[in-house]
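>>> sharing a model that was predicted from the sequence below.
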Amino acid sequence: MTAHFRRRMERAVAQAADAGLTGLLITPGPDLIYFTGYRPTAITERITMLVLDADHDPHLIVPVLERPDAVKAAGAGAVTITDWADGTDPYAAAAGLLDPKGRYAVSDNAWALHLLGLQEALPGSAYTSMTGSLPMLRAVKDTDEVDRLAAAGAAADAAYEQIVGVRFAGRTEHQVGTDLAALLVAHGHSQVDFTVVGSGPNGANPHHEMGERVIADGDMVVLDFGGLKDGYGSDTTRTVHVGEPTSLEREVFDVVREAQQAAFEAVRPGVPCEEIDRVARDVITRAGYGEYFIHRTGHGIGLTTHEPPYLVAGERRPLVPGMCFSIEPGIYLPGRFGVRIEDIVTVTADGGRRLNNTSHDLHIVA
């Protein structure tokens with residue numbers, strides 16, 4: 001396992017050099033988990049930071065009281081652990097490992113307190129955000145990561161297969177959402193991040209989540225849900241209908257389904273990320289609903305639910321085997337209803353593979 005984390009660190013240092021950076025400063029959160037497997041039990045004002053650069057062995061700076069936990073991390077054998085004690089200057093300890101005039105990429109969720117401390121200790125240094133400077137750092141997944149994402153997707157699929165069997169009409173969105181969250185946990189999720197249950201006009205808000213509206217016969221209902229299973233994310237959307245839909249509802253649903261399928265079929269190595277967005281958007285625009293598709297077509301997923309790559313106009317980076325992302329076009333008619341269909345997809349050597357495999361048909365619920 002140590003070699004596994006070491007390879008990730010070496011690859012990151014090479015990417016940083018290619019980007020004209022001195023190195024990387026990794027703070028608690030998904031980046032630190034990715035490179036070391038270390039997840040501090042308490043993220044506090046005490047600085048914890050992994051320093052990666054080409055001129056030194058990897059160093060993990062930790063508070064002395066947290067050193068035992070850091071030593072137990074899966075990738076601890078790939079780093080030298082340096083500790084500091086309360087009452088000493090942690091930034092002086094960190095500064096000794098940095099180039100006084102270096103330029104570093106810093107984890108997006110680093111505390112401003114720590115970054116300002118480093119700037120004060122090393123006024124000639126410079127810092128940039130990890131996503132801004134190295135957006136593809138965690139974007140290409142290895143086989144183990146894809147397997148974990150597939151397992152999370154299968155668990156979310158199992159939850160969906162069960163939720164469509166419960167009664168919707170006469171119950172609140174919150175009640176259905178609570179059932180859905182419980183099913184995610186029952187199928188192995190350690191964390192539920194969101195349960196969108198958008199019924200009727202609430203479905204026209206892509207991030208409605210769940211409220212106290214009572215679901216009624218004749219409602220279209222958007223179900224978007226996900227969380228973490230074994231450290232990796234799930235995120236899927238299906239749209240169901242209570243009772244028989246109108247001709248307009250069926251028309252809109254069919255347009256979204258066609259757009260989602262067309263976008264999936266466009267996935268292959270070398271295709272720019274923005275092309276997947278364009279393909280989905282073209283289908284919806286040709287059908288006359290372009291103004292009602294109000295978000296990007298997709299986002300990357302891994303240790304976090306939203307991460308690069310993003311499938312959006314202007315993102316010209318090419319797809320690479322191992323990238324994993326959502327494809328989730330939607331149409332949202334204000335005051336009426338919304339429709340979205342979402343799968344997580346991974347890029348393969350010659351196309352794409354869905355990690356969500358429940359039916360795309362319009363499911364009729366009671």
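Ah, there it is. Numbers count the residues shown, from 1 in each chain.
>>> for Thr27, grab phi and psi.
Dihedral angles of Thr27 (phi, psi; degrees, to the nearest 10) stand at phi -110, psi 170.
>>> sec struct for Tyr38, please.
coil (DSSP: H, G, I helix; E, B strand; the rest coil).
>>> which SSE is Asp224 in?
Element membership for Asp224, per DSSP states H and E: strand 220-229.
>>> what pairs with the next helix or strand after that strand, parallel or antiparallel?
Next helix or strand after strand 220-229 toward the C-terminus (DSSP H and E): strand 232-233. Strand pairing for strand 232-233, determined by DSSP bridges: strand 220-229 (antiparallel).
>>> okay, buried residues for the strand holding Asp224 please.
Met220, Val221, Val222, Leu223, Asp224, Phe225, Gly226, Gly227, Leu228, Lys229 (16 or more other C-beta atoms under 10 Å). Using the backbone N, CA and C atoms, a C-beta is placed for each residue, glycine as well.
>>> figure out how far it is from the centre of its chain.
14 Å (C-alpha atoms, centre = their mean, to the nearest Å).
>>> could you pull out the strands for the stretch 201-350 of the chain?
220-229, 232-233, 236-242, 298-300, 307-311, 324-327, 330-333, 337-340, 343-347 (DSSP state E, counting those that start in this stretch).
>>> now the helices for the stretch 101-250 of the chain?
Taking DSSP state H, counting those that start in this stretch as the test, the helices found in the stretch 101-250 of the chain are 112-121, 130-133, 143-163, 173-186, 247-265.
>>> quick one: these as TSV, columns for mean pLDDT too.
What follows is the helices of the stretch 101-250 of the chain, written out as TSV (pLDDT from 0 to 100):
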stretch	mean pLDDT
helix 112-121	94
helix 130-133	94
helix 143-163	98
helix 173-186	98
helix 247-265	98
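>>> who wins for proximity to Pro206 among those helices?
Relative to Pro206, the nearest member of these by C-beta to C-beta is helix 247-265, separated by 12.4 Å.
>>> turn the strands of the stretch 201-350 of the chain into a markdown table, columns for distance to Leu32 and mean pLDDT.
As requested, the strands of the stretch 201-350 of the chain are arranged in a markdown table below (distance: least, C-beta to C-beta, whole Å; pLDDT from 0 to 100):
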| stretch | distance to Leu32 | mean pLDDT |
| --- | --- | --- |
| strand 220-229 | 16 | 98 |
| strand 232-233 | 16 | 98 |
| strand 236-242 | 27 | 98 |
| strand 298-300 | 18 | 98 |
| strand 307-311 | 14 | 97 |
| strand 324-327 | 20 | 98 |
| strand 330-333 | 34 | 98 |
| strand 337-340 | 33 | 98 |
| strand 343-347 | 24 | 98 |
